[in-house]
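S.K.: Take this sequence and fold it.
(4 chains)
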Amino acid sequence: MSEPAGEGKLFSFPDVDGLRRLHREKARNMVSKLMSAREAIDRFVHDGDYLGVGGFGTNRIPTALLHEVVRQRKKKLGFAGHTSTHDFQILVGGDCLDRVDCAYVVGLEARGLSANARRAFESGRIEATEWSNAALAWRYKAAAMGLPFLPARVMLGTDTYRYSAAKTIACPFTGETLLALPALAPDVALIHVHRCDEFGNAQIDGITVADLDLARAAKRVILSTEYLVPNDQIRERPHCTAIPYFLVDGVVVQRYGGYPGNMPYEYFSDEEHLKEWLKVEQDPGELEAFLQKYLYGLPDFQSYLELKGGEERMLQLRAEELLENRREGV
Amino acid sequence: MSEPAGEGKLFSFPDVDGLRRLHREKARNMVSKLMSAREAIDRFVHDGDYLGVGGFGTNRIPTALLHEVVRQRKKKLGFAGHTSTHDFQILVGGDCLDRVDCAYVVGLEARGLSANARRAFESGRIEATEWSNAALAWRYKAAAMGLPFLPARVMLGTDTYRYSAAKTIACPFTGETLLALPALAPDVALIHVHRCDEFGNAQIDGITVADLDLARAAKRVILSTEYLVPNDQIRERPHCTAIPYFLVDGVVVQRYGGYPGNMPYEYFSDEEHLKEWLKVEQDPGELEAFLQKYLYGLPDFQSYLELKGGEERMLQLRAEELLENRREGV
Amino acid sequence: MAEYTQMEMMICAAARQLEDGRTVVVGTGAPCAAAMLAQRLWAPNLMILFEAGGIGPLLPTMPISVGDSRTFHRAILAGSMNEIMEMCQRGLVDYTFLGAGQIDMHGNINSTMVGQDYRKPKVRFPGSGGANDLASLCWRTIVMTPQDTRRFVPKVDFVTTPGYLAGKGAREAAGLPPGTGPYKVITDLGIIGYPQESCRMEVESLHAGVTADTVRERTGFPMLFKEPLAETPPPTGEELRVLREEVDPYRYVIGR
Amino acid sequence: MAEYTQMEMMICAAARQLEDGRTVVVGTGAPCAAAMLAQRLWAPNLMILFEAGGIGPLLPTMPISVGDSRTFHRAILAGSMNEIMEMCQRGLVDYTFLGAGQIDMHGNINSTMVGQDYRKPKVRFPGSGGANDLASLCWRTIVMTPQDTRRFVPKVDFVTTPGYLAGKGAREAAGLPPGTGPYKVITDLGIIGYPQESCRMEVESLHAGVTADTVRERTGFPMLFKEPLAETPPPTGEELRVLREEVDPYRYVIGR
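M.R.: Sure, this is the predicted structure:
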């Protein structure tokens, strides 16, 4: 019943016993992990690492951390592209990636396609392996569960399977053909949250996408956070903790750290700026100038926010998020 | 590498395609499901059904629903015994069970062993299959994920495995031996929650044990709830919804519905009454009189609460839960 | 009769596929408009889900992303992608809407690449996203797409998302859940179904003013036509009013 | 020197196994007291977990159940049983404490039944609970138990929970994660370890006043003794003070 294994390259082998040893070594002391984005990326992201990014493309993405990856010119990174949109655009803009597990890449949903990201694939510069969104989410899940693989019922019979690195197995109970998804444990996870304490105990409001599993799957975790809160506040409602401190290596406090993406309950996406980004990508020269202006030429993310209109613009986006400037449809 | 399959009986075959058809038929209308415990148990629990019970033995257990199962003299039920303690004691007291997936049964943790539950096993009256706590939680998880099985790394090499209905498989990626746990989809789940709306959208404070997966695994779900809240309140914080309405068949409002167990943030367990229960079980005649007094002879759970001291006793247990009558240790 | 655009016709035709008390995973744009329209007119208990984690929102406006705040605004539950995908895998989701870069007669969809060499695509598209998952797991897949020979091709360059694969029985043979598969294709020309026996596209109705010949011209494989062939009822005044005034007052979708 | 009970000796000996900055899954009673004692004296960063879902609570008092409110009182995280078990499976948990109805020289534990016929046990006990999981997945398993020939048997009636199974290498051969296994047994007589080469019990130290002969008399299999055999340092004044005044002021455990 089982099909040949997918032909795609497996960028991250599910060596659960190796991961166990690594997790065993990791310190569990509750110490402050507050640091700048610069320090966090410098210390925890190395050339060649495999990255996992939280949120959903333009929603609750760790933009401040992603900019810093580009600014520090990290190279040859691997990447898990599950509905990666603006996050992907940034990293490809910085030419940081050389291999990508693709579920959704090169697009920005209804906004259109990233010309620059397309060039990266069409030139063969980025090596790709295919998956689906659920497949990548379940691959994180497998690693978060401490398992080498998880079964699933998707991708079967398609070219998405053929160019993946998945396999098929027969269910030991029912005999039916199932997909087998290898665990995915990124070297580093970058996740933006609503609030956390200095140790890295974090809360997320709204959808969590795949971030609970991503934080548990990754070898190292860097959080950026809108708000820094005291540990007491976390302990008030322990069932609201999305990510516990002992998974976290660095905590970067950055208000509006998900801009120009949408941060639920905080600010809406800056569609104008996202459109601008898509537009300049049509021409490599224009893109280079654009990145120089907004990224390489700036010392930090805060300067980017200033350049994009600072607090005034952020308050507009906040009003939009809170539906203050439009009637309620329902 | 793989061992022979466990010799235990598989009480619930993981027929995922059959479960899919069943879920397809289930109505998804947002209608009021408010009803009495009597109606809920009468309509949704049938002789021979397989039950899953939420909470953790003496913590956030659906006592009001369990009493009603006994009062209606439901028979030949199957049961998932993952740290089942007082919940198990009640059902065995009513001689409701004829088969049990055992991870933790017949004990009440440090309080001692249930003489009556032990007799039920030692006489051979209940057919048993062995598992571990995690195994049963993951079996729910498999069903909640829509999968026929999940791999795991427990039970291997032991008699717990030998007398289970698990199997072993080789990991398709690493080759290592893994446990294969068949999905467990109970016919009915009984779960006690802090608050829910009339449709069954429920919130749980504190640990969730295996209840999120249990609710998603079960064919039918009956909730009992401390508080009934308007749907608006659920929609205020949609990331706090533990169980969405479309999984739920019946909603029973019962303040103190987890008594004599502990309901986090609401009331502590009534250790005296639990001790009394353990004591009378030493003698079958005494137990019969005890059950007559507290269960069969009463029309409903409210009468049981009255008999046990009513609001006054409940307020004592509330003070104990809120640590109002002892110094804070930390 | 009111004037209407092709997009409005497509949205109304799509909305009419959705019954009350059922569940649908939608994306942004036209599918979301269709689900909102159905909800407002005859399916108040239609539950809308978004793959990023939103379940049963009270949509205040059309979302821009399937993961933006609107997708879980005053929702029943704001969860994870796994929550949604596992609901689909459990069989709880009736409908899903997809678009199509290329589609063949069995409803197989390509949204990954144009070209013959996966390692060096002529054109790279986003890939599956959640499309493969939703089309594998939801009971009925509805595709909304303009109809032309560039899209309706004899053979897709890459099967991103399963339709009926090689034909009847092929999904089940591959291990996909029985009873699932393509249901309708809603185009600017008409409504296409898949008869059980053949699992192959057959036009069920043409929109007003469209001829079978136009359909043939704009399809890259031999298209079948049901007999007798119906005309799609045009949008009603009430459908258009609700669509224009309540569902999409800013003309995000119908203004395209 | 202060007077102390055997239970106090056991709790102090157990506490000393726990280092700062490590993780331990505990049950109620003596193991919980040991972890709290270590936390207060030398391991402020020892993180305590309970299998029902509590992570890092500020324990206001000894819990009665491993799932009661105390186990997640002002905790870092109040989650699910899977959250804990999956942490263990990922290799994040260093220590676990278990009790034992019967235990053999390789640390295999029976908490399921006495008798030879599983279908009709002479005595039925609770079964694994989380013990099998924790002993399979945590790096080091510590057993706390009174020592007598009823418990320390040549062959357990039922291997509920894996020790080293048939001996060195057997855990790995069965598929259990490499590098895990029994670490110490803390009894009322002494502290027992498992030398790497044999994976078989060997007494490392005897509590004050206990002789090797007593240990032999109260063990149902030939016990090995390390040479030279140490004496367990008795509880210090500070250990006893903190244990009695802060950890268990109501004498729930030490009063037994």
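S.K.: Please enumerate the helices of the stretch 201-330 of chain A.
M.R.: A:211-217, A:231-236, A:271-280, A:284-291, A:301-307, A:310-321 (DSSP state H, counting those that start in this stretch).
S.K.: right, and those helices - which one's nearest B:Leu305?
M.R.: helix A:231-236 (29.8 Å; CB to CB). Every C-beta, even on glycine, is put in place using the N, C-alpha and C of the backbone.
S.K.: is chain D contacted by the closest one?
M.R.: Yes. Using CB under 8 Å from any CB of the partner chain, helix A:231-236 reaches chain D at A:234-236.
S.K.: quick one: which of those residues has the most company?
M.R.: In terms of neighbour count, A:Ile234 stands highest of these at 26 neighbours, by other CB atoms under 10 Å in any protein chain shown.
S.K.: That one reaches A:Gln203, doesn't it?
M.R.: Yes. Contact criterion CB atoms under 8 Å: A:Ile234 and A:Gln203 qualify, at 7.2 Å.
S.K.: where do the contact lists of these two overlap?
M.R.: A:196, A:241 (CB atoms under 8 Å, 6 or more residues apart in numbering or on different chains).
S.K.: I'd say A:Ala134 and C:Met87 touch.
M.R.: No. Counting by CB under 8 Å, A:Ala134 stays clear of C:Met87, with 11.1 Å between them.
S.K.: ok, these two, which is more surrounded?
M.R.: A direct count of neighbours by other CB under 10 Å for A:Ala134 and C:Met87 places A:Ala134 higher, at 34 against 26.
S.K.: Quick check, pLDDT for the residue lying closest to A:Tyr104 once chain neighbours are set aside.
M.R.: Distances taken as CB to CB, 6 or more residues apart in numbering or on different chains put C:Gly129 closest to A:Tyr104, at 3.8 Å, once the chain neighbours are dropped. You'll see C:Gly129 listed with a pLDDT of 97.
S.K.: before we move on, the earlier item: the helices of the stretch 201-330 of chain A: which one's closest to B:Val193?
M.R.: The minimum distance between B:Val193 and these falls on helix A:231-236, with 20.1 Å, by CB to CB.
S.K.: Point out where chain A drops to low pLDDT.
M.R.: Low-confidence segments of chain A (pLDDT under 70): A:1-2, A:325-330.
S.K.: Count the neighbours of residue 108 for me.
M.R.: The chain I'm using is chain A. 23.
S.K.: looking at chain C here, not the other one
M.R.: For C:Asn108, using other CB under 10 Å, the count is 27.
S.K.: Likewise for the one 5 residues further on?
M.R.: Burial of C:Met113, expressed as a neighbour count using other CB under 10 Å, amounts to 27.
S.K.: Next, give phi and psi for it.
M.R.: phi -170, psi 160 (degrees, to the nearest 10).
S.K.: tell me which parts of chain A are close to chain D?
M.R.: A:16-17, A:19-24, A:26-30, A:143-147, A:201, A:216, A:234-236, A:238-239, A:241, A:244-246.
S.K.: Quick check: residues of the stretch 101-250 of chain A near chain B?
M.R.: So far as CB under 8 Å from any CB goes, the stretch 101-250 of chain A lies against chain B at A:146-153, A:167, A:169, A:171-174, A:176, A:178, A:180, A:182, A:204-208, A:238-240.
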